[in-house]
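**Q** Any chance you can model this:
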Amino acid sequence: MAARPTRAQRIAAAEQARRRRRRLGRAAVATAVTLAVAAVSWVVIANRRAERRTVAQLEAGGCSFDRSTDTDRGQGRNHVSSSPTYRVNPPAGGDHLAAVAPPGEYGSRAPADGQVVHALEHGDVVLWHRPDAGEATLSALRAIADRHPDDVLIVARPGLVSEVAATAWHRRLQCPSVEDRALALFVRSFRGQGPERPRNG
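**A** Numbering: from 1, shown residues only. Prediction:
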């Protein structure tokens, strides 16, 4: 008949079991953290690849894509009392007015830049055109905007370098003429991508 373990042996065995459980717990936590980091990294890499593919499609014709934007003081601190002068033309971000320009076509009565940039923060997309744009250009822009009427502004802009442009929060597309596929893809890809999205749609 085997001898019963002594009290010291029982205490040592219990301590050994506790150490084993702690090691297993630490290993489980480390595994979970590793998997979480790997999953986040995979999502980030996948998103970057998807955006690179989108940019390649946007630039397949004559349009050019960039991420030029003015800086701001961060969400919640980026409202200013008077409309800023933006370095980037057309603007795609930065400090802005508390009032926001709603979606729609503005013609010659363009809202203040600070209101338009606030719309970008809300996830809207702006289709810009020169004030002297012909009816064919305006009709093409309206056809694109009509697909997403709750998310698109059409705004005339004096001094626009290209004939037409599109901006979303921290993203710009400039085109020498209306390229329906590129502009429509820009709207589809980047509408709703602003850091503040108060509306549904």
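
**Q** ok, Ala32 to Gly25 distance?
**A** Remark: distance between Ala32 and Gly25 (CB to CB, to the nearest Å) = 11 Å. All C-beta spots, glycine's among them, are computed from the backbone N, C-alpha and C.

**Q** need the longest helix for this structure.
**A** In the chain, taking DSSP state H as the definition, the longest helix is helix 7-58.

**Q** After that helix, which helix or strand is next?
**A** strand 64-66 (DSSP states H and E).

**Q** Sheet-wise, list the partners of that following strand with their directions.
**A** Here strand 64-66 is paired, per DSSP bridges, with strand 171-175 (antiparallel).

**Q** what's the offset of the strand it pairs with from the middle of its chain?
**A** 14 Å (CA atoms, centre = their mean, to the nearest Å).

**Q** same question, stretch 183-200
**A** The answer for stretch 183-200 is 8 Å, by CA atoms, centre = their mean.

**Q** just checking, what packs against the longest helix of the chain?
**A** On a contact count with 3 or more CB pairs under 8 Å, 6 or more residues apart in numbering; DSSP states H and E, helix 7-58 meets helix 180-190.

**Q** ok, now with 10 Å
**A** Using 3 or more CB pairs under 10 Å, 6 or more residues apart in numbering; DSSP states H and E, the elements in contact with helix 7-58 are strand 64-66, strand 171-175, helix 180-190.
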